[in-house]
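>>> Mind folding the following:
(one chain, ligands or ions: 1)
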Amino acid sequence: MSENNASIRTRFAPSPTGYIHVGNVRSALFPYLLAKQQGGKFVLRIEDTDRARFVEGATDMILDTLEWLGIDWDEGPRKGGDYGPYTQTERLDHYHAWAQKLIEKGYAYADPYTAEEVESFRDKAKAEKRAFLYRDHRPSNPPIWDGSQPLRFKVPVIKRYTWTDAVMGELSAGEEALDDFILIKSDGLPTYNFAHIIDDYEMGITHVIRGLEYIASIPKYLSLYDALEIEWPVIACLPHILAPDGKKKLGKRDGAKSVQEYKTDGYLPEAMLNFLASLGWNDGTEQEVFTKEELIDKFSLERVQRSGARFDEQRLIWLNGQHIRKLAVDDLFERVTDFWPAAATEASEQAKKQVLALVQDRLKTLRDLPLLTEYFFAEPTPEPTMITENKQLSKLGTDETLSLLSASRTALEASDYTPDDLQNTLNRLLETTEQKPGVLFSLIRLAVSWAPFSPALNDTLAVLGKETVTLRLTRAIEAIESRS
Ligand code: GLU
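Have a look, this model is predicted:
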């Protein structure tokens, strides 16, 4: 089913019920990738008819998140388009017009029952050990629908449905999967079950891609398409996203954070997209790091797996590091604005970029920036215990440590502080002191940074500059002397 046509229209149809968690975003990404690849259109629709679950501000949060991720929609809120409005509560007249058509065809009826009556039907079915179905209780003389009662769909033909899900394959369900569901509630608003069918049709959606939780309802939707004489779109259900243990469905407790949180935690949108795409899809090769363009190029519904996809945050962290490395320093610089340590506030753009270039390969998230760079901008407090607690360095003893530091200070003072000359100076120091790099370089590194790790020593020293290095070595010597 590898179409290649620009008439493809896919959609993402979130409900504004709260923040958008990572699992939901995958339901936006896959249809987006498909539409972009085929030169089609990706539509965004807001499904806000469930007023009990409506959360003020959630729509904006969802739109901001999609914008940040770079999942750009062609039509929808903030964009407009020929098929609007794209928010369901602004489309009520459409649903009512279609409801009227169904009534005229005899495929919809006003539900006359009170909650108590329905309850008694349920109890009876239970006592008789059979499934409760509304269609067993179709009123023989339903009242004229005046909007005060729910409007129920009357399934025209009760039969077995067989269909092909573009991901899950050939499927079928028996008559028990069909029932008379509510089309319009007594508050005048349509149900999701009704509204999304109408909207998908009116908006020309060719591929309906969504989560697996909808799969059991598909026969109901098919029966409604048939009643409306609407052609079925391509239907695809995406596999569940599983918790890191690979057993249960991913829940908020398993780290299914909002995308916004990942942003503040220093993740790049590129890495998020790459990670989300890998939840249930691969291109059949060993490639793991994909740019958005590569995803668009390679994505196919056929390669979406049927089994659940494990949410492995460690992989996301790894991917984030990979994507950080790929950025030009100037680009990275733009993105880390909010992540610098306070000590860097006064530093020049040039100084920051120099530091950034040094630590870029070590950043797993942008949040690592302070830990990796603080000592470039502020005098660190010497902590001689970092030497005495270091397995290699503790063997040196105080006198040798001091003499190595002092020899280093003298030698480094004679360098012109280009990275090359620093490297030569350091190499000569290895010879004269007869030390291994693992000892001497670790010692100098600690004495100038008092940080657990730092980039290549010559580069670090070059960025710090002669004056700072000399001063820090002196401070280190003084701190060690005062302890002994
Ligand atoms: N409004 C539904 C939701 O947010 C969308 C389901 C669909 O994609 O059709 O879960």
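
>>> Get me the contact residues on the stretch 251-400 of the chain for the ligand.
Within reach of the ligand by C-beta under 6 Å from any ligand atom, the stretch 251-400 of the chain has no residues at all. Heads up, the C-betas are built off the backbone N, CA and C, glycines and all.

>>> show me where the stretch 251-400 of the chain has strands.
Remark: strands assigned in the stretch 251-400 of the chain by DSSP state E, counting those that start in this stretch are 309-310.

>>> Dihedrals phi and psi, Phe12?
As for Phe12, its main-chain torsions (degrees, to the nearest 10) stand at phi -120, psi 130.

>>> pretty sure it contacts Ala28?
Yes: counting by C-beta atoms under 8 Å, Phe12 touches Ala28, with 3.9 Å between them.

>>> Overlap of the contact sets of those two?
Common neighbours of Phe12 and Ala28, counting by C-beta atoms under 8 Å, 6 or more residues apart in numbering, are 66, 71.

>>> which SSE is Cys162 in?
I think there's a mix-up here, since residue 162 is Thr and not Cys. Using DSSP states H and E, Thr162 sits within strand 161-165.

>>> List the buried residues for that strand?
For strand 161-165, a neighbour-count test (16 or more other C-beta atoms under 10 Å) marks 161, 165 as buried.

>>> Get me the contact residues on the stretch 51-200 of the chain for the ligand.
Residues of the stretch 51-200 of the chain lying near the ligand (C-beta under 6 Å from any ligand atom): 192, 196.

>>> Please state the offset of the strand holding Thr162 from the chain centre?
Averaging C-alpha positions (C-alpha atoms, centre = their mean, to the nearest Å) puts strand 161-165 30 Å from its chain's average.

>>> what's the answer for stretch 130-143, then?
Worked out by C-alpha atoms, centre = their mean, stretch 130-143 lies 44 Å from the chain centre.

>>> Mind listing residues that contact it?
109-113, 121-122, 125-126, 149, 152, 154-155, 158, 176, 178-181.

>>> can you tell me which of those residues are in helices?
121-122, 125-126 (DSSP state H).

>>> Contact partners for the closest residue to Asp254 other than its chain neighbours?
Leaving aside its chain neighbours, Asp254 sits nearest to Ala243 (3.9 Å; criterion: C-beta to C-beta, 6 or more residues apart in numbering). Shown in contact with Ala243 (C-beta under 8 Å, 6+ apart): 249-251, 254, 310-311.

>>> Could you pick out the buried ones from those residues?
250, 254, 310-311.

>>> which one in these is the model shakiest on?
For the buried ones among the contacts of Ala243, the weakest pLDDT value sits at Asp254, with 74.

>>> pretty sure Lys263 is touching Trp68, no?
Yes: under the criterion of C-beta under 8 Å, Lys263 makes contact with Trp68 at 6.2 Å.
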